[in-house]
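Asker: For reference, the sequence and a predicted model appear below.
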Amino acid sequence: MTYFGNIKSYDSAAGAGTISPENGGDALPFKRADLQQEAQEPKVDERYGYDTVEINGADKRAVNLQQQGEASAVQAQARAQQG
């Protein structure tokens, strides 16, 4: 099942970040390798679709992250108008 959320944080040096689910809940960690477009660095507030996997039978992690183009473009335009 694909979920949707916004990037909460991303550390390019560590190659890891977190994504906040749109439907609420705790932010989920992800790694650079989990991005479908690895060459593209995610930015805070960008919208991504993702799947989840359980780690050690309890903790969840976001995987298969894919940027949601149209929504992301709208968000970027809104941020540009604000600043």
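Answerer: Received it, and whenever you're ready, just let me know what you need.
Asker: so what does whatever helix or strand residue 9 lives in touch, helix or strand wise?
Answerer: Element membership of residue 9 [criterion: DSSP states H and E] is strand 3-11. Under the contact criterion of 3 or more C-beta pairs under 8 Å, 6 or more residues apart in numbering; DSSP states H and E, the helices and strands touching strand 3-11 comprise strand 16-21, strand 47-55. C-betas here are computed from N, CA, C, even on glycine.
Asker: If you count neighbours, what's buried in stretch 16-36?
Answerer: Residues of stretch 16-36 classed as buried by neighbour count (16 or more other C-beta atoms under 10 Å): 17-21, 27-30, 32, 34-35.
Asker: would you turn these into a markdown table with pLDDT and distance to residue 42?
Answerer: Formatted as a markdown table, the buried residues of stretch 16-36 follow (pLDDT from 0 to 100; distance: C-beta to C-beta, whole Å):
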| residue | pLDDT | distance to residue 42 |
| --- | --- | --- |
| 17 | 97 | 6 |
| 18 | 98 | 10 |
| 19 | 98 | 8 |
| 20 | 98 | 12 |
| 21 | 97 | 15 |
| 27 | 97 | 13 |
| 28 | 97 | 13 |
| 29 | 97 | 13 |
| 30 | 97 | 9 |
| 32 | 94 | 9 |
| 34 | 93 | 10 |
| 35 | 94 | 7 |
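Asker: just for this protein, where's the confidence low?
Answerer: 38-39, 69-83 (pLDDT under 70).
Asker: try 80
Answerer: For the chain, the stretches with pLDDT under 80 are 37-39, 69-83.
Asker: and the closest residue to residue 35 other than its chain neighbours, how many neighbours does it have?
Answerer: Computed as C-beta to C-beta, 6 or more residues apart in numbering, the closest residue to residue 35 that is not its neighbour in sequence is residue 65, at 5.0 Å. Other residues lying near residue 65 total 25 when counted by other C-beta atoms under 10 Å.
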